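Asker: Could you look at this predicted model? Sequence included:
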Amino acid sequence: MSAYSLRGLRWFEALSGGAAPLDGLPASLKVADVQLGGQPARLLAVVADSANRFPRARNGEVGLLEGWGLAKAVDDAIEADRNAAAKRALIAIVDVPSQAYGRREEALGIHQALAGAADSYARARLAGHPVIGLLVGKAMSGAFLAHGYQANRLIALRDPGVMVHAMGKASAARVTLRSVEELEALAASVPPMAYDIDSFASLGLLWESLSVERIEQPTATDLARITDCLQQAINDVAGASRDLSGRLGATHRAASSTVRQLLRAQW
C-alpha cells in the first residue's frame, strides 16, 4: 500500500475517460480537456510523483513545479478561450496534503508559485470560466489555497478521508500547545478548528457534498453521480456573480460579515 493518496489520480482517470493528459507539464500535474455533458472542461489534479526533483513534493504536495504548472495550465485555458462565447469549465480535483515545505522551496519562492496558481484560478473565474473544486481527499494549508479554493463552487465527497484545514492535526496540536485529543475536543465546539466536511460546510463554503460507493476507486455509478453534480455546478455558475460573496451568508460567518461591513463603511 502506498504512503501517499491515489484519490486525486483515480478521480482524474475516471473523469477524463482516457483523454490524453496535456504535454509540457510536470509529471506531478495531470491536466486534460474533456466534455462534461456536452460542455468543454479542463480537469486539473496534483498527484504524487516519487521521482519529483524536489523531495518535499513527492507525495502529492503542491510545490514550485506544481504551483507554476497549475498557473500555466489555467492561463493557457484563459488565453485559448479569450474570444469564445462559452468558456470551458476548470475542474480542480483536490487531493493535496500540504504545500511543499523545504529550504529550496523557500529560497526559490514557493510563496510566489502558490500565489501564481491562486491568481490564475481567480482571473479565470473573473473572466467567466466556471471554476469548480471537487474535494476527494485532503485539502490542506497553502496547497488548497493554490488549487481549488478560488472556485465558484466547491463540492466535497462525504468520507472521513476528505478534510480541510490550515495544517495537519499533529502540527496544529504543537502550535496550540495541545495534544491531538485535546485539539479534537476543541474542534467539536469550534468549527474553524475542525477537519471534517460537515464543520467546513457550516462555514458556508461548500456548494454540495455527496457520498459515493467507493471513493478510492470510483465505480461507474460514482462517476455518473459526480459527473451529473459537476454539470449542475457548471450550470449554476452561469449568469451568477463571479465573486465569492455567496460564501458569507452562513451562521458561523456572522462575525466575518460584520467585519466586512465595518471595513466598507470606514474605507
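Answerer: Perfect, I can see it now.
Asker: quick one: the helices in the stretch 151-267 of the chain?
Answerer: 169-175, 180-187, 197-201, 220-237, 254-266 (DSSP state H, counting those that start in this stretch).
Asker: which outside residues touch the second one?
Answerer: Spelled out, it's helix 180-187. Contacts to helix 180-187, defined as Cβ atoms under 8 Å, 6 or more residues apart in numbering, come from residues Lys169, Ala170, Ala172, Ala173, Thr176, Arg178, Met193, Ala194, Tyr195, Ser199. For glycine as for every other residue, the C-beta is placed from the backbone atoms N, C-alpha and C.
Asker: most surrounded residue in the residues you listed?
Answerer: Ala194 (21 neighbours; other Cβ atoms under 10 Å).
Asker: these two touch, right, that residue and Ala188?
Answerer: Yes. The criterion here is Cβ atoms under 8 Å, and Ala194 meets it with Ala188 at 7.3 Å.
Asker: Adding mean pLDDT and distance to Asp75, write the helices of the stretch 151-267 of the chain out as JSON lines.
Answerer: Below are these laid out as JSON lines (pLDDT from 0 to 100; distance: least, Cβ to Cβ, whole Å):
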{"stretch": "helix 169-175", "mean pLDDT": "80", "distance to Asp75": "32"}
{"stretch": "helix 180-187", "mean pLDDT": "81", "distance to Asp75": "37"}
{"stretch": "helix 197-201", "mean pLDDT": "81", "distance to Asp75": "29"}
{"stretch": "helix 220-237", "mean pLDDT": "96", "distance to Asp75": "20"}
{"stretch": "helix 254-266", "mean pLDDT": "89", "distance to Asp75": "30"}
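Asker: okay, how far is it across stretch 145-163, tip to tip?
Answerer: In stretch 145-163, first residue to last residue: 14 Å (Cα to Cα, to the nearest Å).
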